[in-house]
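In: here is a sequence with its predicted model. Questions after.
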Amino acid sequence: MNTTALLHALRDELQEAGLRGSFLVRDLDTGEELGLDPDLDFSSASLVKVPLALATLERIRTGEIDGARTLLVQPGRDLDSGSTGMSKFRHPARIAVEDLLYLSTCLSDGVAAGALFGLTPPAQVTAFLRGIGLRGITVRSDTRDLNETPADKLDRDEIHLAHSLAIGGGTAGRGHRIPQLDTTRASSGSAQAFTDLLQELWRPRHIDGQVAARVRELMRHNVLRHRLAPDFSSDASTWSSKTGTVLNLRHEIGVVEHADGQSFAVAALTESLVPAVHQPGAEALMARVARALRDHLRARRP
């Protein structure tokens with residue numbers, strides 16, 4: 001199948017499944033890439049925890065922050081939300097900054113990320129990204145508001161109403177009635193922008209090599225592996241990634257490193273037009289589309 005036919009077929013598959021998305025796969029060594037609407041901005045949800053980790057680790061490297069410093073996190077409103085890590089703690093806990101980075105990046109712990117944003121606020125993370133030449137990702141808020149959507153205010157049997165609002169509440173300019181989905185108010189980025197971030201992490205030019213290596217290590221130990229990982233993990237490859245989810249948005253970015261030395265950055269940002277919380281078919285289709293783009297790109301390599 002030629003490239004044009006492949007892209008047309010993948011668009012049809014996404015449309016039939018009620019998915020819209022921004023996809024990009026890039027060969028990290030040749031720079032060749034292939035995607036679908038790679039410049040379309042989305043609210044980044046928990047993907048923002050990768051630039052947060054990068055900015056925090058850079059501040060640890062320069063001595064602005066002590067990675068061994070412990071922060072006291074109190075139980076309360078923040079700890080009642082979310083589904084992993086400190087979100088489920090019932091008692092005060094002192095945790096070191098570097099351990100908060102593990103919880104935030106590998107477990108997607110929103111409370112841990114909130115504590116880190118207390119040290120490096122969103123505007124400072126964005127300024128760091130701009131300083132290393134990454135202009136497509138904007139960090140506007142911390143992650144605590146991701147658990148304060150309409151879905152979090154409804155009973156379980158009414159959550160579909162929040163998803164209906166998420167589907168129908170957008171504007172042509174990527175604004176939205178729900179702040180967490182509004183690309184002008186929430187943290188945002190595109191597949192192109194997050195692929196550029198992955199390129200810098202795996203082939204660093206403007207950031208410290210040890211800082212980049214630590215972020216890669218954190219992403220390699222990501223425990224949320226139900227989305228793209230089934231199509232990119234094998235005995236002959238390593239998949240390092242970060243997911244992001246809020247309401248009808250399902251994202252994942254990552255890098256697959258093959259035993260033969262080839263490495264591909266993969267970014268898949270999607271929104272569902274189906275008002276349902278659990279959509280395993282959508283997760284599987286995301287992976288199939290990203291895998292098809294990678295396979296086609298790999299086949300074209302000499």
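Out: Ah, there it is. Numbers count the residues shown, from 1 in each chain.

In: the stretch 1-150 of the chain: strands as residue ranges?
Out: 19-27, 33-36, 42-43, 70-73, 93-96 (DSSP state E, counting those that start in this stretch).

In: where exactly do the helices run in the stretch 201-302 of the chain?
Out: 209-220, 229-232, 280-300 (DSSP state H, counting those that start in this stretch).

In: now render the ones you listed as JSON lines, adding mean pLDDT.
Out: Output for these, formatted as JSON lines (pLDDT from 0 to 100):
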{"stretch": "helix 209-220", "mean pLDDT": "98"}
{"stretch": "helix 229-232", "mean pLDDT": "95"}
{"stretch": "helix 280-300", "mean pLDDT": "94"}
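
In: which one of the strands of the stretch 1-150 of the chain lies closest to residue 194?
Out: strand 19-27 (8.1 Å; C-beta to C-beta). From N, CA and C alone the C-beta is placed, and that goes for glycine too.

In: show me the contact partners of that closest one.
Out: Contacts with strand 19-27, where a contact means C-beta atoms under 8 Å, 6 or more residues apart in numbering, come from 14, 32-42, 190-192, 195, 198-199, 262-273, 282, 285-286, 289-290, 293-294, 297-298, 301.

In: neighbours of the closest residue to residue 284 other than its chain neighbours, how many?
Out: Spatial nearest neighbour of residue 284, excluding adjacent residues (C-beta to C-beta, 6 or more residues apart in numbering): residue 230 at 7.8 Å. When neighbours are defined as other C-beta atoms under 10 Å, residue 230 has 15 of them.

In: surely residue 230 touches residue 288?
Out: No. Counting by C-beta atoms under 8 Å, residue 230 sits too far from residue 288 to count as a contact (9.9 Å).

In: in stretch 5-17, what counts as buried?
Out: Neighbour-count burial for stretch 5-17 flags 7, 10, 14, 17 (criterion: 16 or more other C-beta atoms under 10 Å).

In: sorry, back to before: okay, the strands of the stretch 1-150 of the chain, which one's buried deepest?
Out: strand 42-43 (a mean of 28; mean count of other C-beta atoms under 10 Å).

In: indicate each strand paired with that strand and its parallel or antiparallel sense.
Out: Next to strand 42-43 in the sheet, as set by DSSP bridges, lie strand 188-189 (antiparallel).
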